[in-house]
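Trainee: Have a look at this fold, sequence not included:
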């Protein structure tokens, strides 16, 4: 399954790890995805969307 938020569509970002000798290595920063049931369907959503939905009392 894709590591994407079904609500906002955000996916993993790219970043660079730096070693002690300053060698750069590319890596991925994944979202904090949570699986929740919204209106009977199981969806993956990021915690930013979860917080917004909770604030607007949709969950």
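Mentor: Perfect, thanks for sending it. What you are looking at is a predicted structure, and each value in this text was computed from that prediction instead of being measured.
Trainee: Name the SS class of the residue nearest to the spatial centre of the chain, please.
Mentor: Computing the C-alpha centroid of the chain and ranking residues by Cα atoms, centre = their mean puts residue 31 first, at 2.5 Å. Following DSSP: H, G, I helix; E, B strand; the rest coil, the label given to residue 31 is coil.
Trainee: Contacts only, for the closest residue to it other than its chain neighbours.
Mentor: Leaving aside its chain neighbours, residue 31 sits nearest to residue 46 (4.6 Å; criterion: Cβ to Cβ, 6 or more residues apart in numbering). For every residue, glycine as well, the C-beta is placed using N, CA and C. Contacts for residue 46 (Cβ atoms under 8 Å, 6 or more residues apart in numbering) come out as 5, 7, 8, 10, 31, 32, 33, 34.
Trainee: measure residue 46 to residue 16 for me?
Mentor: Residue 46 sits 22 Å away from residue 16, going by Cβ to Cβ, to the nearest Å.
Trainee: What of residue 22?
Mentor: 11 Å.
Trainee: Between the two, which is the more surrounded one?
Mentor: Counted by other Cβ atoms under 10 Å, residue 22 and residue 16 do not tie: residue 16 has more neighbours, with 9 against 6.
Trainee: returning to what we had before: is there a quick ChimeraX command that grabs whichever of the contacts of residue 46 are buried?
Mentor: ChimeraX command restricting the contacts of residue 46 to the buried ones, with burial defined by 16 or more other Cβ atoms under 10 Å:
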select :5,7,31,33
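Trainee: Perfect, I'm done here.
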